[in-house]
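Enquirer: sequence and computational prediction follow.
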Amino acid sequence: MPKKEILLYPDKVLKSRAQEIDNIDLDIISLAEDMKRTMHSAPGVGLAAPQVGESKRLIVVDQSAGRDESQLIILINPVIIEKEGVETDTEMCLSVPETSVDVDRAGRILVTGTDLGGKEVRMEAQGYLARIFQHEIDHLDGKVILDYASNLKRSIYLKKRKKGTL
Ligand code: NI
């Protein structure tokens, strides 16, 4: 299955709220497979469907970046139902290359969603994994790390993108 092209900010799809997935059909299953492949080859620790141009609520997460198959999580319609604590750390994003932003995230979360078999999933995550989930779920709401940066940093980034230096 093919690797997908990763869209770059400020692409419109990255700024839109993604649609709920009502029906886990073969297209969704193959999209998830392509996203996994795309994430691993980047390499990255997470990818959201809007990043490959599909405005759907689907994320793939692998904090081992492909080193440990058991770490792979594919989640449909993920929702964070509990958050606890605040931690600040530096994040990068495949859709916002060549920059990093300090982002405050909850230190511990409870997330629900559905797996590819349509089964309900509920998992607790903390630290780095909790951060990845929050970052990817932001993508489903049209939000990227630059939305946490200062206006100045964001406008410098956009200027560089326009000039083609990023
Ligand atoms: Ni990202």
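Expert: Yep, it's here. Being a predicted model, the structure only gives us computed values, none of them experimental.
Enquirer: and the next helix or strand past the strand of greatest length in the chain?
Expert: Longest strand in the chain by number of residues, with DSSP state E as the criterion: strand 73-84. Sequence-wise, the next helix or strand downstream of strand 73-84 (DSSP states H and E) is strand 87-93.
Enquirer: listing partners with orientation, what would you give for that following strand?
Expert: When pairing is defined by DSSP bridges, strand 87-93 lines up against strand 96-105 (antiparallel).
Enquirer: and the partner strand, how far out from the chain middle?
Expert: What separates the centre of strand 96-105 from the centre of its chain is 13 Å, taken as CA atoms, centre = their mean, to the nearest Å.
Enquirer: enumerate the positions of that strand that are buried.
Expert: 96, 99, 101, 103, 105 (16 or more other CB atoms under 10 Å). In this view, the C-beta of every residue, glycine as well, is placed from N, C-alpha and C.
Enquirer: now the spatially most central residue of the chain. Nearest residue, chain neighbours left out?
Expert: Nearest residue to the geometric centre of the chain (CA atoms, centre = their mean): E136, 2.4 Å. Of all residues not flanking E136 in the chain, I59 sits nearest, at 4.1 Å (CB to CB, 6 or more residues apart in numbering).
Enquirer: wait, the one you found touches A48, no?
Expert: Yes - between I59 and A48 a contact is recorded at 4.8 Å, counting by CB atoms under 8 Å.
Enquirer: where does the prediction get shaky in the protein?
Expert: Low-confidence segments of the chain (pLDDT under 70): 1.
Enquirer: ranges for the strands of it?
Expert: Using DSSP E, strands in the chain cover 46-48, 58-61, 73-84, 87-93, 96-105, 108-114, 120-126.
Enquirer: before we move on, the earlier item: give me the sheet partners of the longest strand of the chain and which way each runs.
Expert: For strand 73-84, pairing defined by DSSP bridges yields strand 58-61 (antiparallel), strand 108-114 (antiparallel).
Enquirer: specify the angle between it and strand 120-126 in degrees.
Expert: 60 degrees (axes from the mean of the first three to the mean of the last three CA atoms, to 10 degrees).
Enquirer: show me the contacts for the residue lying closest to L47 once chain neighbours are set aside.
Expert: Of all residues beyond its chain neighbours, the one nearest L47 is M39 (4.1 Å), with distances taken as CB to CB, 6+ apart. M39 makes contact with 45-47, 60, 62, 66 under the criterion CB atoms under 8 Å, 6 or more residues apart in numbering.
Enquirer: surely Q63 touches Q71?
Expert: Yes - at 5.6 Å, Q63 and Q71 qualify as touching, with contact defined as CB under 8 Å.
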